[in-house]
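**Q** Sequence and predicted structure below; questions after.
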Amino acid sequence: MEKEKQILFAGFGGQGVLSMGQFLTHAAMEVGKNVSWVPSYGAEMRGGTANCLVTIADDEISSPLTEHPLMAVIMNRPSLDKFEDKIQPNGTVVLNSSLVDRKPVREDLTVLEVPVNELAEEIGNPRGANMILLGAYLEKTALVETQQVLGFFEEIFKGKKQAVIDKNKEAFLVGVAYAKKEWL
Amino acid sequence: MPKVLMKGNEALAEGAIIAGCRGFFGYPITPSSEIAEYMARKLPKLNGVFVQAESELAAINMVYGGASTGQRVMTASSGPGISLKQEGISFIAEAELPCLIVNISRGGPGLGGIQPAQSDYFQATRGGGHGDYRTMVLAPSSVQEMMDFAVTGFELADKYRSPVMIMAEGTLGQMMEPIIMREPVTKLPEKPWAVTGCRGRKPNIINTLHLSAEYLEERNHHLQNKYTSMALNEKRAESFQTEDAELVVVAFGLMARIVKKAVMEARQQGVKVGMIRPITLWPFPDEAIRQAVNSAKRFLAVEISMGQMIEDIRLAVAGRAPVEFYGRIGITPNPEEIYQEIMRIAQREGY
């Protein structure tokens, strides 16, 4: 049995943390994986931290919850403080280094840093920060092949204007390019 | 058929529409509000009726009215709102009106919080309102079942002319999973008792006031016969690795899936542990529990409450094995935590 992969996405409300998780969930579903997406909901989301947990598996997913995700995508400092200890031993943490002003304390973690906000500013698309991080993250981990992901944008953003879809795709590709340059 | 990624609340609402539900009456409350939101968007396009009522009490009485006309109608809320609806549910039970009542549950008592809980189990399974009545209660454990049980719920409601409740933790309403869409139900059962305008026939009367003691008793016997028949025919449960289990964990809803993972991991450590998941909370699937007592030395109830279903487990076990409890409130126990609890008991008891 291939082990399930559980990925936590965490940041401020408004950083697109929940939609980042939804995007990955949808993309993984498109390539035939079993998936689930569980958001933190309610009072936490208003101005505070938001997070969601994505599970991707070949087999049926029993528990969509976990205390210890394999990977964490962290968009701000409070989220790193809150979740660093929870990540599985030898797990992976992906950091938005524009906003997270410290390194993880743990030495067993694989740490991937992306200055997401700077990269987003460069392409004049500050709201694309989450897609940049996602692009870099998927290029590195190949949870879903980025080449395949590019084909799913129209389906995942169904109902959105083409210009919006294109902007998200552009941001995603900036992340992919960053990972290729910095991490390979 | 391609899979569709949906939120539990949306899947339930779509399931109701697929079942032919054309009337929704409700008042928003977290974590159930997406059901009302979905219905508000969809029902007007299907010549249906969506009303955001002035209160929960008004909403449940609109359900009474809508169901009286023979239409498939529903309401959805969460604990505090379901409490307000109890008077209406009692009336609906006595008037024998089929309808669906959904509780996307959160922690109480009082206004409590908005985080998931299962602490409305007593309220759901013991009637909740006044008088001798029962409400059939279905507990889904996946987004697919949120859709499927909405369809099943309406079928059972019509079959028994009785309100049916779906109870799911808040998390199930909020989470997303891929589901396979069901085909729309095209043939609805005849309802010759419905109040549809009586030109050319004798008027149908729907009423719950019976001042003659003899007739009231007769009505109660009639209802009890119906509940007996539900208890005979409609108990549902899922048993997982119980055949040789020395310890049987009992859990329902999403909680059961989390328990399942812990059970699988404990099995890998050689612990003979299994799980029973009640799918109908009322009628409670006591046969499944009784069967397990033959091999099980001990039971463990896991609930997102301070211990409610455990009473039904104890009734079914009838003193033949001890029943322990693990529960939290507003916080869903994670698989690691349940695994620890299973291992703690297994080590203590030498399983």
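**A** In hand now; what should we look at? Note that this is a predicted model, so its numbers are computed, not measured.
**Q** Could you check how many residues crowd around the nearest residue to B:G48 once chain neighbours are set aside?
**A** Ranked by CB to CB, 6 or more residues apart in numbering or on different chains and with sequence neighbours excluded, the top spatial neighbour of B:G48 is B:R22, at 3.7 Å. Using the backbone N, CA and C atoms, a C-beta is placed for each residue, glycine as well. Here the number of neighbours of B:R22 (other CB atoms under 10 Å in any protein chain shown) works out to 19.
**Q** ok, which stretches of the stretch 201-350 of chain B are strands?
**A** Counting by DSSP state E, counting those that start in this stretch, one finds strands in the stretch 201-350 of chain B at the ranges B:237-240, B:247-250, B:273-278, B:280-282, B:298-303, B:323-327.
**Q** Would you mind saying which of those strands lies nearest B:G66?
**A** Proximity to B:G66, assessed across the strands of the stretch 201-350 of chain B by CB to CB, is greatest for strand B:280-282 (23.7 Å).
**Q** The closest one: how far from the chain's middle?
**A** Strand B:280-282 has its C-alpha centroid displaced from the chain centroid by 7 Å (CA atoms, centre = their mean, to the nearest Å).
**Q** what does stretch B:67-83 give?
**A** Counting by CA atoms, centre = their mean, stretch B:67-83 is centred 13 Å from the centre of its parent chain.
**Q** Compute the number of surrounding residues for residue 53.
**A** Unless you meant another one, I'm taking chain A. By the measure other CB under 10 Å, the count of residues near A:L53 is 21.
**Q** let's do chain B instead
**A** Neighbour number of B:A53 under other CB under 10 Å is 16.
**Q** Could you do the one 4 residues further on as well?
**A** By the other CB under 10 Å criterion, the neighbourhood of B:L57 contains 16 residues.
**Q** One more: A:V164?
**A** Neighbourhood size, A:V164 [other CB under 10 Å]: 12.
**Q** wait, doesn't it sit right on A:I156?
**A** No - no contact is recorded between A:V164 and A:I156 when judged using CB atoms under 8 Å, the distance being 11.6 Å.
**Q** between the strands of the stretch 201-350 of chain B, which gets nearest to B:Q86?
**A** strand B:280-282 (15.1 Å).
**Q** any idea which of the strands of the stretch 201-350 of chain B is most buried?
**A** With neighbours defined by mean count of other CB atoms under 10 Å in any protein chain shown, none of the strands of the stretch 201-350 of chain B is more surrounded on average than strand B:247-250, at a mean of 28.
**Q** Quickly run through the sheet partners of that one, with directions.
**A** Looking at strand B:247-250 with DSSP bridges, its paired strands and their directions are strand B:273-278 (parallel), strand B:298-303 (parallel).
**Q** Contacts for the first one, please.
**A** Put plainly, it is strand B:273-278. B:139, B:141, B:236-252, B:256, B:259-260, B:263, B:266-267, B:284-285, B:288-289, B:292, B:296, B:309, B:312, B:342, B:346, B:351 (CB atoms under 8 Å, 6 or more residues apart in numbering or on different chains).
**Q** Let's see that with 6 Å instead.
**A** Identification of contacts with strand B:273-278 by CB atoms under 6 Å, 6 or more residues apart in numbering or on different chains yields B:237-242, B:245, B:247-250, B:252, B:256, B:259-260, B:263, B:266, B:285, B:288, B:342.
**Q** Just confirm yes or no for stretch B:10-21 near chain A.
**A** No - using CB under 6 Å from any CB of the partner chain, stretch B:10-21 stays clear of chain A, with a minimum separation of 12.6 Å.
**Q** For the helix or strand harbouring A:E121, buried residues please.
**A** With secondary structure defined by DSSP states H and E, A:E121 is part of helix A:116-122. Of the residues in helix A:116-122, those buried by neighbour count under the rule 16 or more other CB atoms under 10 Å in any protein chain shown are A:116-117, A:119-120.
**Q** same check, this time on stretch B:258-270
**A** The neighbour-count criterion (16+ other CB under 10 Å) identifies B:258-267 as the buried residues of stretch B:258-270.
**Q** cool, stretch B:214-226 as well?
**A** B:219, B:223, B:226.
**Q** end-to-end on stretch B:165-180?
**A** Using CA to CA, to the nearest Å, the end-to-end distance of stretch B:165-180 comes to 23 Å.
**Q** make that stretch A:90-100, sorry
**A** Stretch A:90-100 has its terminal residues 20 Å apart, counting by CA to CA.
**Q** Mind listing what's buried along that stretch?
**A** Of the residues in stretch A:90-100, those buried under the neighbour-count criterion (16+ other CB under 10 Å) are A:91-100.
**Q** Quick check: which ranges of chain A have low pLDDT?
**A** By pLDDT under 70, the weakly predicted segments of chain A are A:1-2, A:42-47.
**Q** where do the helices sit along chain A?
**A** Per DSSP state H, chain A carries helices over the ranges A:17-30, A:77-83, A:116-122, A:129-141, A:146-150, A:153-156, A:162-183.
**Q** swap in the stretch 201-350 of chain B?
**A** B:213-233, B:254-268, B:286-293, B:309-317, B:335-349 (DSSP state H, counting those that start in this stretch).
**Q** Include mean pLDDT and distance to B:S77 when you put those into a markdown table, please.
**A** Written out in a markdown table, the entries for the helices of the stretch 201-350 of chain B read as follows (pLDDT from 0 to 100; distance: least, CB to CB, whole Å):
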| stretch | mean pLDDT | distance to B:S77 |
| --- | --- | --- |
| helix B:213-233 | 98 | 23 |
| helix B:254-268 | 97 | 19 |
| helix B:286-293 | 96 | 29 |
| helix B:309-317 | 98 | 21 |
| helix B:335-349 | 97 | 29 |
